[in-house]
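>>> quick one: sequence plus predicted model below, questions after.
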Amino acid sequence: MADDEAAIAPARADALALLGDHVFAEGEQSLAEVVGERLKARGQRLALAESCTGGMVAAELTGVPGASGWLESSAVTYAESAKVRWVGVTAEALERHGAVSEAVARQMARGVREAAKVEWGGAVTGFAGPSGGYRADQWAPSTCA
């Protein structure tokens, strides 16, 4: 095991130098745990709006002990009408960019943050279901933003 770690040490150092602040954790710590630790340390809270995941991001985050201290809420806004009603996505953004777009994901995140009255809002959108779906004017199947 020590030989393996020594063998990859130069590549690890190069990767860390290249990625810098974009590395959130190493080893056994999950991204959900890191998010929780950072929010807790700052005394801040998060709200989520999810579409293609059906709540899977919230499920990961609520698996972290103490998540109730920093995760405020999560909305599964699967249908376009739910995106409009619950998290304030505009009909114009849906028409112009489509539900699977950065513009709509940003509106979802902003809307859920404002609705929940928290410091952070996160959003995931994409093509749902095992077969995904494809429209030439939108992203590739099963891609989430």
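Perfect, I can see it now.
>>> drop to CA atoms for contacts and neighbour counts, all remaining ones
Noted.
>>> could you say which helix or strand holds residue 19?
Residue 19 belongs to helix 2-19 when elements are defined using DSSP states H and E.
>>> return the distance of the helix or strand of the chain with the lowest mean pLDDT from the chain's centre.
Taking mean pLDDT, DSSP states H and E as the measure, the chain has helix 2-19 as its least confident helix or strand, at a mean of 90. Using C-alpha atoms, centre = their mean, to the nearest Å, the mean C-alpha position of helix 2-19 is found 28 Å from that of the whole chain.
>>> quick check: buried residues in it?
When neighbours are counted by 16 or more other C-alpha atoms under 10 Å, no buried residue of helix 2-19 is found.
>>> then stretch 72-91?
72-78, 83-84, 86-91.
>>> check stretch 26-33 too.
32, 33.
>>> got the CA coordinates for that stretch in CSV?
Output in CSV follows, covering the C-alpha atoms of stretch 26-33 (Å, rounded to 0.1, in the frame of the first residue of the first chain):
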residue,chain,number,x,y,z
GLU,A,26,-9.5,13.6,-0.8
GLY,A,27,-9.8,10.1,0.6
GLU,A,28,-13.1,8.9,2.1
GLN,A,29,-14.8,12.2,2.6
SER,A,30,-17.8,12.6,0.2
LEU,A,31,-18.8,15.8,-1.6
ALA,A,32,-22.0,15.9,0.5
GLU,A,33,-19.9,15.9,3.7
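>>> got the contact list for it?
24, 25, 60, 61, 64 (C-alpha atoms under 8 Å, 6 or more residues apart in numbering).
>>> quick one on the thing from earlier: and the next helix or strand past the least confident helix or strand of the chain?
Toward the C-terminal end, the helix or strand that comes next after helix 2-19 (DSSP H and E) is helix 31-42.
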